[in-house]
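J.: please find the sequence and the predicted model below.
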Amino acid sequence: AADGGTGNCPTTHYHDSGSGQVCVQCEATCATCNEATSSDCQTCTNGTYYLWKTTTGATAGTCNAADGGTGNCPTTHYHDSGSGQVCVQCEATCATCAGPTGNDCQTCTDGSQYVWKTTVGAAGGNCNAADGGTGDCPTTHYH
């Protein structure tokens, strides 16, 4: 019987809707999944894998080795500390980031923009065009 007789597949399998009442095992790197592809993992099989999500609210993602096996997320993602081994893609304006918001950028996707930090020691800031396109920081910030 499916998942203790509930009529659902266990979390280690997904329901193949095209085949009737068939439960198929998740892709090899997924411990739990909701569909067939490697981008539908909900958790990963091995402690060396991190779940990479495209957005904070995403319910699934791909399981990848953390940044070269160092145990960290790649610079294009931030570690969602409240969710265990989960890396979430940076906000769209950030090429690299330290967190989920546009104020956590470390570098910008648009090369003509600067990261504006509120303090010298801040881990990140928001991406803004340089002062009127002159290539300089505004008078309220220094380079």
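T.: Everything's here; your move.

J.: end to end on stretch 101-111, go ahead and measure it.
T.: End-to-end distance of stretch 101-111: 19 Å, with Cα to Cα, to the nearest Å as the criterion.

J.: shift numbering so it begins at 50
T.: Let's use 50 as the start, then, which means that last one is stretch 150-160.

J.: what pairs with Gly174 across the strands?
T.: With DSSP bridges as the criterion, Gly174 is bridged to Cys154.

J.: can you give me the neighbour number for it?
T.: For Gly174, the count of nearby residues is 21 (other Cβ atoms under 10 Å). Just so you know, the C-beta spots here come from the backbone N, C-alpha and C atoms, and that holds for glycine as well.

J.: dump the residue contacts of it.
T.: Shown in contact with Gly174 (Cβ atoms under 8 Å, 6 or more residues apart in numbering): 152, 154, 164-167.
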